[in-house]
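> Return atomic coordinates for the entry below.
(one chain, ligands or ions: 6)
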Amino acid sequence: MTQRMANLLVCMISFLVLHLGCCQSVQDTECSNYLTEPSGVIFSPNYPLNYSVLLNCFWSIEVPEDNFVILNFTSIRTECGYDYVTVYDGSGALFPQLGWFCYQPDGIVVRSTSNTMHVTFSSDSVVTDQGFYATYTSMVSHAQCVETLSDLEGSLQSPFYPFNYTNNLLCTWLIQVPDEYILQLRFTKIETECSQDFVYVFDGSDSAAQLMGRYCDTPSEMVLVSTANLLYVVFTSDTAITKRGFYANYTALEKISSCNEVLTNLTGEFTSPYYPMYYPNHADCSWLIEVPVGYFISLSFPYLDTECGPDFIAVYDGSSSSDRLLGTYCNVTGGQRLTLDSRSNSFYITFISNTFVTRKGFEAYYEACEEFQL
Ligand SMILES: *[C@@H]1O[C@H](CO)[C@@H](O)[C@H](O)[C@H]1NC(C)=O
Ligand SMILES: *[C@@H]1O[C@H](CO)[C@@H](O)[C@H](O)[C@H]1NC(C)=O
Ligand SMILES: *[C@@H]1O[C@H](CO)[C@@H](O)[C@H](O)[C@H]1NC(C)=O
Ligand SMILES: *[C@@H]1O[C@H](CO)[C@@H](O)[C@H](O)[C@H]1NC(C)=O
Ligand SMILES: *[C@@H]1O[C@H](CO)[C@@H](O)[C@H](O)[C@H]1NC(C)=O
Ligand SMILES: *[C@@H]1O[C@H](CO)[C@@H](O)[C@H](O)[C@H]1NC(C)=O
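Numbers count the residues shown, from 1 in each chain. Ligands and ions are numbered 1, 2, ... in the order given. Have a look, this model is predicted:
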C-alpha cells in the first residue's frame, strides 16, 4: 500500500467517525455484540439499573455447529408498546421470529433450530425500565434416542422435551426389568403431528411383539401396563412439522401370583391388584366372603373405575358364580358409592380385565350384620 493510499484511508475513516458518529442510534457499537462461546450471558445496557433511551442493540450468538442455542431469560421488564426484545431463529433479523417480548418478569426460555440466534433490543425516547438478563447455553442437536432402561423406575422422553423434537427421528426405548416384575408406563399428554409422527408401544422386547397402541395426540395422561417384564417404545417423526412430543415414566411392580382370596372376618376390605396403581391386564380374581350363619353382608365400593365393557366386577349373592348374579359393574360416577346387601351369609365377587387399557380399579369394604330376628 502506498503512503498516499494509506493517508486516503485514514481520511475516509475520520470522515465516517465524524459524520456518522453523531447518528448514534443507527447502531451503537457498545450495543452490538457477537458471541461465539458455547455459553454466556446477555443483558440490556446498565442492567440491573434502567437502560437508556433510544437504544438499538443486538446480540448475535453462534455456538458450535450441530448445536441449538437455548436462551433463558431470567427476567424481562421493558416499557410495553415502545421498547421490546425480539429473538430471531438464525443469524440476523431477516430470520423467523422465535418471540417478541416486553414484560416477562418470571423469565422465559426459547430455543433456536440451528446453531445461531439473533436478539435485538430497542427503546424509544421516553420511559425506561430495568431491561432484561438472560443466559444462553448450547445443546447438542443430534437426538440421542436409542436406550435400554433396566432400573425399576425410570423415565423416557422425546428428544429435547419440553422443547419440540426434531424431524426424521427413529427413537427406541427398551424397558427390561427382572422376570418377577411387570411394568406400568405413564405418559403425560402426548403431542405429536397426527398422521405423521407417532409413539408406538409394544408389549414385549421389540416391534414384533403385540402392539398396545399407536398414539399422536392424547387428551390427557395415559397409563399402559405390560403383560410381562418388557416394554418396547418407538417414536418416529417425518421430515416436517414438529411438536412438543412426550414424557413418560415407568414403575416396575412385583407380579401378583394369585388374586383369589377367602375372607371370613366380620369386617374386611379388598382391592383390585396394585390399587391405587393401575390393575394388570388379564386379571382373573375372585373374593369369597363368608361370615357365620345368622349374618348378612353389606358390601360397598367407595371407588370403582375399570374399562367398561371388557373389564368389570361381578357380584354373586352366594358362595360361587353359580349363585344369583346381583350385577356387573365397571364404575361408580358422580361421587356415588355402590352398596350391596347379601341375602345369605356369603358373597362371591369376581374381577376380570382384558388387554392393554387399564385403570385404577376398585377398593371395597364389607361388614357382617346380624340378621333381624322376627
Ligand atoms: C432457566 O434459568 C432458571 C434460573 O436460573 C433455571 O431455574 C431454569 O432451570 C433454567 N431453565 C432452563 C430450561 O435451562
Ligand atoms: C426505572 O424504571 C422504572 C419503571 O419504568 C421507573 O419506575 C423508575 O423510576 C426508573 N428509575 C430510574 C432511576 O430512572
Ligand atoms: C412446537 O410444538 C407446539 C405444540 O406442541 C406447536 O404448537 C409449535 O408450532 C411447535 N413449534 C415449532 C417451531 O415447530
Ligand atoms: C411420573 O410422572 C408423574 C406425572 O406424570 C409424576 O406425578 C410422578 O411423580 C412421576 N414419577 C416418577 C417416579 O418420576
Ligand atoms: C381377621 O381378623 C384378625 C383379628 O382381628 C386379623 O388379625 C386378620 O388380619 C384379619 N384377616 C383379614 C384377612 O383381614
Ligand atoms: C361408567 O359406566 C358407563 C356404563 O356402565 C359408561 O357409559 C361410562 O362411560 C362410564 N364412565 C366412565 C367415566 O368410564
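> Flag every residue of the stretch 101-250 of the chain that's near ligand 3.
Within reach of ligand 3 by CB under 6 Å from any ligand atom, the stretch 101-250 of the chain has these residues: 164, 191, 242-244. Any C-beta I mention is one placed from the backbone N, CA and C, and that applies to glycine too.
> Where does the stretch 201-350 of the chain get nearest to ligand 1, residue-wise?
residue 244 (13.6 Å; CB to the nearest ligand atom).
> The stretch 101-250 of the chain too?
The stretch 101-250 of the chain approaches ligand 1 most closely through residue 109 (4.5 Å), counting by CB to the nearest ligand atom.
> about what we covered before: quick check: the residue of the stretch 201-350 of the chain closest to ligand 1 touching residue 161?
Yes: contact criterion CB atoms under 8 Å: residue 244 and residue 161 qualify, at 6.7 Å.
> picking up where we left off before, tell me if the residue of the stretch 101-250 of the chain closest to ligand 1 really is in a helix.
No: using DSSP: H, G, I helix; E, B strand; the rest coil, the assignment for residue 109 is strand, not a helix.
> so how far is residue 115 from it?
Remark: distance between residue 109 and residue 115 (CB to CB, to the nearest Å) = 17 Å.
> Can you list the low-confidence ranges for the stretch 251-374 of the chain?
Residues of the stretch 251-374 of the chain meeting the criterion pLDDT under 70: 373-374.
> Paired strands for the helix or strand residue 69 falls within, with orientation please.
Using DSSP states H and E, residue 69 maps to strand 67-77. With DSSP bridges as the test, strand 67-77 is paired with strand 103-104 (antiparallel), strand 108-111 (antiparallel), strand 131-140 (antiparallel).
> Show the contacting residues for residue 221.
186-189 (CB atoms under 8 Å, 6 or more residues apart in numbering).
> ranking those residues by neighbours, who comes first?
Neighbour counts for the contacts of residue 221, by other CB atoms under 10 Å, peak at residue 187, which reaches 22 neighbours.
> Skipping its backbone neighbours, what lies nearest it in space?
Of all residues not flanking residue 187 in the chain, residue 248 sits nearest, at 4.4 Å (CB to CB, 6 or more residues apart in numbering).
> go on, residue 161?
Nearest in space to residue 161, with sequence neighbours left out and distances taken as CB to CB, 6+ apart, is residue 245 at 5.0 Å.
> Quick check: the one you found touching residue 218?
No: look at residue 245 against residue 218 with CB under 8 Å: they stay out of range, at 11.9 Å.
> So for those two, which residue has more residues nearby?
Between residue 245 and residue 218, counted using other CB under 10 Å, residue 245 has the larger neighbour count: 24 against 16.
> in the stretch 201-350 of the chain, which spans are strands?
For the stretch 201-350 of the chain, applying DSSP state E, counting those that start in this stretch gives strands covering 211-215, 222-225, 230-236, 247-254, 260-263, 267-271, 284-290, 295-305, 312-317, 324-329, 338-341, 346-352.
> In TSV: those, plus mean neighbour count.
Putting the strands of the stretch 201-350 of the chain into TSV (neighbours: other CB atoms under 10 Å) gives the following:
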stretch	mean neighbour count
strand 211-215	16
strand 222-225	22
strand 230-236	22
strand 247-254	19
strand 260-263	13
strand 267-271	15
strand 284-290	19
strand 295-305	19
strand 312-317	20
strand 324-329	14
strand 338-341	15
strand 346-352	22
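> which stretch among those comes nearest residue 371?
strand 295-305 (5.7 Å; CB to CB).
> and the closest one, anywhere near ligand 6?
No: using CB under 6 Å from any ligand atom, we find that strand 295-305 stays clear of ligand 6, coming within 6.6 Å at best.
> Quick one: distance of that strand to the chain centre.
Here strand 295-305 shows a centroid-to-chain-centroid distance of 36 Å under the convention CA atoms, centre = their mean, to the nearest Å.
> Determine the set of other helices and strands touching it.
Applying 3 or more CB pairs under 8 Å, 6 or more residues apart in numbering; DSSP states H and E, we find strand 295-305 packed against strand 312-317, strand 338-341, strand 346-352, strand 361-370.
> So what angle separates the directions of it and strand 267-271?
30 degrees (axes from the mean of the first three to the mean of the last three CA atoms, to 10 degrees).
> Can you tell me which of the strands paired with strand 67-77 is most buried?
Of those, the one with the most neighbours on average (mean count of other CB atoms under 10 Å) is strand 131-140, at a mean of 19.
> So what's the gap between that one and the chain middle?
23 Å.
> Dump it to CSV, keeping only the CA atoms.
The C-alpha trace of strand 131-140 is given here as CSV (Å, rounded to 0.1, in the frame of the first residue of the first chain):
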residue,chain,number,x,y,z
GLY,A,131,-34.4,-4.3,30.9
PHE,A,132,-33.5,-8.0,30.7
TYR,A,133,-31.0,-10.6,31.7
ALA,A,134,-30.5,-13.9,30.0
THR,A,135,-28.1,-16.8,30.0
TYR,A,136,-27.5,-18.9,26.9
THR,A,137,-26.2,-22.5,26.6
SER,A,138,-25.8,-24.8,23.7
MET,A,139,-27.4,-28.2,23.3
VAL,A,140,-26.2,-30.9,21.0
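> residues in contact with the helix or strand following it?
Sequence-wise, the next helix or strand downstream of strand 131-140 (DSSP H and E) is strand 146-149. Strand 146-149 is contacted by residues 156, 171-176, 250 when judged by CB under 8 Å, 6+ apart.
> Give me the sheet partners of strand 146-149 and which way each runs.
strand 170-176 (parallel).
> show me what contacts residue 124?
Residues near residue 124 by CB under 8 Å, 6+ apart: 53-54, 79, 82-83.
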